[in-house]
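> Provided below for reference: sequence and predicted model.
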Amino acid sequence: MFKANVVVSLKKQVLDPQGKQIQHALHDLGLSSVKSLRYGKFIEVELDSASREEAQEQLDAICRKLLANPVIEDYRFDIE
């Protein structure tokens, strides 16, 4: 059994209106030290894979096919 943490975020060149909205809300709350903010997703996945390499292949497929839109999003994962 492998546990993985997946992070999906917009590519750097893609505008992040949700991140900008959160940043503006923080400024409205008096937290003006936030100079930049990008919004993303965090997903925990448990895999019943035979090996770490198999788990990596499965996670890559999961991210490419469902969790991330490869046109506008990047993803990374760490296997524990």
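The structure has been received and is ready for your questions. On a predicted model such as this, the values are computed, not experimentally measured, just so you know.
> hey, let's count contacts and neighbours off CA atoms from now on
Noted.
> is the residue of the chain most remote from its centre in a helix, a strand, or coil?
In the chain, counting by C-alpha atoms, centre = their mean, residue 30 sits farthest out from the average C-alpha position, at 27.2 Å. With DSSP: H, G, I helix; E, B strand; the rest coil as the basis, the three-state label of residue 30 is coil.
> which pLDDT value goes with residue 3?
pLDDT for residue 3: 97.
> give the contact list for the spatially closest residue to it that is not a sequence neighbour.
Of all residues not flanking residue 3 in the chain, residue 46 sits nearest, at 4.4 Å (C-alpha to C-alpha, 6 or more residues apart in numbering). With contact set as C-alpha atoms under 8 Å, 6 or more residues apart in numbering, residue 46 has these partners: 1-4.
> and the one helix or strand residue 46 maps to, how far from the chain's centre?
Using DSSP states H and E, residue 46 sits in strand 40-47. Put simply, strand 40-47 sits 8 Å off its chain's centre (C-alpha atoms, centre = their mean, to the nearest Å).
> and if you look at stretch 69-80?
6 Å.
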